[in-house]
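Predicted model follows, preceded by the sequence.
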Amino acid sequence: MLEPNQPTPKPVLRQVVGWVVVLPLLMSLLWLKPPLGLLLTLASVITSVYGMRFTWRHASRQVAVFALIVTSLNVVSALLMGTGSVLKAVYNIGWVYAYAYYSHWVYWNF
């Protein structure tokens, strides 16, 4: 981990965001048949954990805490919703609750 006053370099920050946020999101957008889908969700969580380990070694404390929070949310969403990304889980919840309302609004107003 870097010294407390030392900022995180931009390439390291991009790599952390890629491992912890972007790659699990892209993997959760894929759809595979049931046995392989579970492996894909597990791989998504593993990439997030790898990004967290990378962060603890190469980034500042604030970025490491961010990676820890996002990784823990990815694990929770994998356990509760079956998707390896917290962003995809928020999208699914929003779609379930908001789709019916907005689809009726668009139908009746246009």
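Noted; the coordinates are in hand.

Which positions within the worst-scoring helix or strand of the chain on mean pLDDT qualify as buried?
The weakest-scoring helix or strand in the chain, judged by mean pLDDT, DSSP states H and E, is helix 86-109 (a mean of 82). Residues of helix 86-109 classed as buried: 86-89 (neighbour count, 16 or more other CB atoms under 10 Å). (Each C-beta comes from the backbone N, C-alpha and C, glycine too.)

Can you tell me how far the residue nearest to the spatial centre of the chain is from residue 52?
The centroid of the chain falls nearest to residue 85 when counting by CA atoms, centre = their mean (3.6 Å). Residue 85 is 14 Å from residue 52, where distance means CB to CB, to the nearest Å.

How about residue 96?
29 Å.

What of residue 36?
Distance of residue 36 to residue 52, computed by CB to CB: 25 Å.

the more surrounded of the two?
Neighbour count, other CB atoms under 10 Å: between residue 36 and residue 52, residue 52 has more, with 21 against 11.

Buried residues, stretch 73-83. List them.
With burial defined by 16+ other CB under 10 Å, the residues of stretch 73-83 counted as buried are 73-75, 77-78, 81, 83.

and what of stretch 3-11?
residue 8.

Now that stretch: average pLDDT?
Averaged across stretch 3-11, the pLDDT comes to 86.

from what I can see residue 29 touches residue 87, true?
No: the pair residue 29 / residue 87 is not scored as a contact, 9.9 Å apart, by CB atoms under 8 Å.

Count the residues that sit near residue 41.
23.

so what's it up against?
With contacts defined as CB atoms under 8 Å, 6 or more residues apart in numbering, residue 41 is in contact with 27-28, 78, 82-84.

Understood, closing this out.
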